[in-house]
Every structure is written in structure tokens, then in C-alpha cells.
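**Student:** The following comprises the amino acid sequence and a computationally predicted model.
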Amino acid sequence: MHLSYPHEQVFNDKVSGAEPKGNLWVRPCINFVNTEEIYGIMDRMAEGATKAREIGYDGVDLQASYGDFIAQLLSPLTNQRNDEFGGTLENRARFLTGLIRKIKQNAGSDFPVMVKLVCNEFTAGGLTLNDGRQIARMAEASGADLIVASGGNKKTKYKTIPPHSSPPAPLLDLAAGIKEEVLIPVAAIGKINTPDLADRILMEGKADFVGMVRALLADPFLPEKAQSGNTEEIRFCIYCLEDCAQDGVPGLGRSCTVNPFAGQEAALVMTPPPMKKKVVIVGGGPAGMQAAILCAERGHRVILFEKEKELGGQFLYADRAPFKEENAKLLKYLNTMIRKYRITVHLETQAGVDEVLSGSPDAVILATGSRPRIPDIPWLQDRDPGSLISPKSISPLFTITGNITRKTRTWENAWPSSGAAISVVRPRTGSPPQAGR
């Protein structure tokens with residue numbers, strides 16, 4: 001069981017130390033609760049661990065990362081206390097070490113306690129790996145059974161949850177550094193995105209365990225497929241952070257861009273159809289391909305029409321933008337599954353009514369997608385929409401922006417290597433937009 005505590009106090013009106021958050025006001029708990037209340041929180045969390053064991057959990061995972069309650073106590077950036085829970089590193093770690101001891105005392109010395117530890121905040125004045133090493137030693141001495149080496153805080157969340165622009169396993173050095181310091185097992189986490197990478201981490205002795213979260217949202221059967229050598233059928237995470245982050249999909253909650261069943265497993269149960277049908281699908285983009293795969297998995301006979309010379313639709317261009325290389329893995333997976341189920345595919349076929357109805361289908365799915373909107377710029381009006389995306393056929397490329405953002409700079413720096421000239425259009429106050437290099 002994941003064991004944490006709210007890191008913010010929420011108010012309807014402004015109070016001392018609070019900052020606006022939407023229509024509410026919030027302030028960090030750690031600096032606005034007294035010493036007695038801190039011990040009370042420790043007692044409640046230890047009681048939660050005891051109840052977890054009573055109802056059948058195998059252990060608890062203490063959240064001491066992500067900028068949450070325990071992590072804020074650990075950090076010199078957020079902890080402004082002047083009692084025994086503030087000041088020195090030992091004092092700032094007092095809540096964590098005391099909680100571990102209390103859980104072992106109440107739930108049993110044999111009840112596993114894992115600590116997801118912020119080992120580096122990646123910001124000036126914050127916790128460093130050296131601090132993380134010392135805290136890990138204290139946690140081990142208090143009875144912790146495993147350290148999960150995490151990093152970052154609320155301001156450096158891109159380190160905690162690495163996006164598509166991050167290289168694989170960016171937090172691995174934290175795990176390796178902690179492993180040098182303690183005798184208990186250490187787990188590496190953070191964009192460990194392939195079985196090969198996980199194997200290499202273990203073989204090189206940089207960690208004792210590896211943790212995958214988004215990778216298993218994308219494909220819960222990744223470990224089984226890896227173990228059987230069936231890696232071509234793994235549906236890899238593309239690290240888009242679109243549907244699994246924050247509040248997820250409106251009306252659905254947290255889900256997954258590449259796995260339509262994530263978060264909906266109880267509602268979307270795959271069952272054999274009462275009658276196998278002939279299904280025609282028009283449009284071979286990712287939606288049409290996924291629809292064809294699901295129909296074939298259920299046992300239907302599927303015919304897929306695509307007007308272009310290859311499947312993929314707009315997703316054929318999705319991996320060409322800087323740091324979007326992961327997108328290519330999804331298209332590779334979809335093509336693999338199309339072949340696996342021997343789906344009949346007609347390429348370079350403009351499927352009209354006659355073509356669709358000629359085979360007397362029982363059902364027709366239209367997955368032709370949307371039409372791209374061309375901005376009202378004379379140079380663009382006669383262009384093929386595909387040429388506006390492909391770096392091989394465009395010169396120059398205009399990036400429209402109000403300000404030169406980090407993302408714009410990324411495109412400016414990355415695309416010239418493909419042979420495309422880059423122009424940035426900037427609006428000027430009181431005058432029409434001006435183009436410049």
C-alpha cells in the first residue's frame with residue numbers, strides 16, 4: 001500500500017502563508033502544524049500501515065518524494081521549522097525515521113517498509129545526492145527494507161516524471177549512488193521503458209529492482225511478453241503524459257493514449273461476440289488500425305481500406321518532431337498486430353460506397369480522421385498538408401508564436417539538421433507580425 005499524507009492545507013479564504021490555487025488558498029502543512037501535531041500525523045500514518053497488514057497488504061511504500069509531506073520535511077527549501085523536525089538533516093529526517101520505527105513496532109518487524117525517497121531535488125539549495133545517501137542510511141538504520149530512488153520536487157516535476165524529451169532512465173545514477181551506500185535493496189525508477197534497459201540495469205548492478213509504471217499502463221503484459229521473448233508485441237509507452245497525468249481524460253479519469261483499456265478494465269471487458277461478423281474499416285490511421293485489431297481479437301473478419309501507400313495516417317509524421325521518437329514504437333506495434341491477425345489491408349484505395357458495400361459487410365467503421373486546418377497565410381494555401389509536416393519536403397518552415405518559448409527553440413535548433421530552413425514569426429505590439437531568423 002502506498003502511504004502518504006496531504007502536503008497542503010486548503011482554505012476557502014486567504015490566510016497567513018497561503019497562496020492562491022484556482023478558487024482556493026493553499027499553504028504547506030509542514031510549517032503550520034506544531035510539534036504535537038507532527039507526532040499525531042506520524043501516529044496516524046503508522047496506524048494506516050497496521051491496518052494495511054490486517055486487511056492483507058504485503059507491505060507499505062512510504063511516499064518521501066514528489067514534493068509531498070515527508071519530502072517537504074526533508075528538504076531545506078521547504079522546511080522552515082525550528083523544533084526537532086527542522087534545521088539539520090538529521091532533524092529533517094526525524095519524521096521519516098520515526099515513522100519507520102513506529103510501523104515496525106506496531107505492524108511487526110517482519111512487515112516490509114519501502115521508502116520512495118527524494119535523493120536529489122535538482123535545484124539550487126535543495127537536497128543533493130549526498131543528502132540522499134545520508135537519509136538512505138538513516139532509513140536503513142531505522143528498519144527500512146528497500147529504497148526506491150526518486151528525485152525532483154513540485155518545481156522540478158519533469159525530473160520526477162520524465163517526459164518524452166528526457167532520455168531513458170534519467171534517475172538511474174540516483175539508484176546507483178544509493179546502492180553504494182546501503183545494504184538493503186534499491187529500486188531504480190523513471191522512464192525505464194524497455195525490457196532490455198531493465199535487464200542492463202540489473203546486470204550492471206546499478207539497482208536490485210526496476211520499477212515501471214507508465215510502461216505497464218501502456219501494456220500490462222509487458223513482463224510476460226518480455227519473458228517469452230515476444231517483444232515485438234509490446235505496446236510501448238510514448239511518454240506523452242496526456243491521459244495518465246493530472247486529471248486524465250474528462251469523463252474517464254486517468255487513462256492511456258496508447259492503451260484504450262487502461263483505467264477501464266472493469267467496464268471494457270473483451271468477450272467473444274455472439275456472432276462473428278465481416279467488418280469493413282475505412283481509414284488506416286492509428287484509430288482505424290486499433291479498431292481493426294480489436295475487431296480481429298474478438299474473432300471478426302476485418303477488411304481495412306487506406307488511401308495512402310502505407311498505414312499510419314498522420315501518425316507517420318508523429319516521430320519526426322524533436323524528442324518524439326518514441327511515437328514510432330506505437331506505429332510499429334500496430335503494424336505488428338495487423339500482421340498477427342492477418343487483417344486484409346487494401347492500400348492506395350479510395351474507399352467509396354461501392355468499394356465498401358461490395359463485400360456485403362455486417363458493419364462499417366469510418367476512421368478517416370479530421371481535416372488539418374491551414375492557417376490563413378498565402379504561402380501555405382496551396383500546400384499539401386503532408387508537406388507542412390514532413391521536414392524532407394518543406395523549405396522554409398514557419399513557426400508561429402507569440403513568444404520564443406523553450407519548445408520553439410527546440411524546433412529552431414533541431415530541424416535545420418534535416419535540411420529545413422526555419423523562420424519564426426513574431427507579433428509586434430501595434431504592428432503586423434514580422435518574420436525573422
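**Tutor:** Okay, I see it.

**Student:** unless I'm mixing things up, Leu241 is touching Pro163, no?
**Tutor:** Yes. Distance between Leu241 and Pro163: 5.7 Å, which falls inside the contact criterion (Cβ atoms under 8 Å). The way it works is simple: take the backbone N, C-alpha and C, and place the C-beta from them, glycine included.

**Student:** List the buried residues in stretch 171-183.
**Tutor:** Neighbour counts using 16 or more other Cβ atoms under 10 Å place 171-179, 181-182 of stretch 171-183 among the buried residues.

**Student:** and what of stretch 88-104?
**Tutor:** Taking 16+ other Cβ under 10 Å as the basis for neighbour counts, the residues of stretch 88-104 that come out buried are 91-104.

**Student:** Need phi/psi at Ala149.
**Tutor:** The phi and psi values for Ala149, taken as degrees, to the nearest 10, are phi -80, psi 100.

**Student:** what residues are up against it?
**Tutor:** Contact partners of Ala149, counting by Cβ atoms under 8 Å, 6 or more residues apart in numbering, are 117, 119, 132, 171, 174-175, 177-178, 186-189, 207.

**Student:** Report how many residues lie close to the residue lying closest to Phe236 once chain neighbours are set aside.
**Tutor:** Setting aside the residues directly before and after it, Phe236 is nearest to Lys329 in space (Cβ to Cβ, 6 or more residues apart in numbering), at 4.2 Å. Other residues within reach of Lys329, judged by other Cβ atoms under 10 Å, total 19.

**Student:** for Gln80, same thing?
**Tutor:** With neighbours defined by other Cβ under 10 Å, the count for Gln80 comes to 13.

**Student:** just Gly151 next, same as before
**Tutor:** By other Cβ under 10 Å, the residues close to Gly151 number 27.

**Student:** okay but it is in contact with Glu121, surely?
**Tutor:** Yes. Using Cβ under 8 Å, Gly151 makes contact with Glu121 at a distance of 7.0 Å.

**Student:** Report the contact partners of the residue nearest to Gly248 when sequence neighbours are not counted.
**Tutor:** Here the nearest residue to Gly248 in space, its sequence neighbours aside, is Arg254; by Cβ to Cβ, 6+ apart that works out to 3.6 Å. By Cβ under 8 Å, 6+ apart, the contact set of Arg254 is 243-245, 247-248, 262-263.

**Student:** Also Thr123?
**Tutor:** Thr123 sits next to 77, 153, 155-156 when contact means Cβ under 8 Å, 6+ apart.

**Student:** and with 7 Å instead?
**Tutor:** Taking Cβ atoms under 7 Å, 6 or more residues apart in numbering as the criterion, Thr123 is in contact with 153, 155-156.

**Student:** so where does it fall, helix or strand?
**Tutor:** Assigned by DSSP states H and E, Thr123 falls within no helix or strand.

**Student:** which residues does the residue lying closest to Thr344 once chain neighbours are set aside form a beta bridge with?
**Tutor:** Spatially, and ignoring its direct neighbours in sequence, Thr344 is nearest to Ile303 (4.7 Å; Cβ to Cβ, 6+ apart). With DSSP bridges applied, the residues forming beta bridges to Ile303 are Val280, Thr344.

**Student:** Report how many residues lie close to Ile303.
**Tutor:** Other residues near Ile303 number 20, with proximity taken as other Cβ under 10 Å.

**Student:** Quick check, it in contact with Lys277.
**Tutor:** No. Between Ile303 and Lys277 no contact is recorded; they are 11.4 Å apart, counting by Cβ atoms under 7 Å.

**Student:** thinking again about what came up before, looking at the buried residues of stretch 171-183, which one is closest to Ala318?
**Tutor:** Proximity of the buried residues of stretch 171-183 to Ala318, judged by Cβ to Cβ, is greatest for Leu171, which lies at 26.1 Å.

**Student:** correct me, but that closest one touches Ile189?
**Tutor:** Yes. Under the criterion of Cβ under 7 Å, Leu171 lies in contact with Ile189, with a separation of 6.4 Å.

**Student:** Show me whatever sits in contact with both of these two.
**Tutor:** Common neighbours of Leu171 and Ile189, counting by Cβ under 7 Å, 6+ apart, are 149-150.

**Student:** Quick check: mean pLDDT of stretch 73-80?
**Tutor:** For stretch 73-80, mean pLDDT is 96.

**Student:** Give me the buried positions along it.
**Tutor:** With burial defined by 16+ other Cβ under 10 Å, the residues of stretch 73-80 counted as buried are 73-79.

**Student:** got the end-to-end distance for that stretch?
**Tutor:** Chord length of stretch 73-80, first to last residue, is 9 Å (Cα to Cα, to the nearest Å).

**Student:** With stretch 10-22 instead?
**Tutor:** Counting by Cα to Cα, you get 11 Å between the two ends of stretch 10-22.

**Student:** What's the mean pLDDT across it?
**Tutor:** Per-region confidence: stretch 10-22 scores 86 on mean pLDDT.

**Student:** ok, and what's touching it?
**Tutor:** Applying Cβ under 7 Å, 6+ apart, the external contacts of stretch 10-22 come out as 24-27, 32.

**Student:** Kind regards, and thank you for your time.
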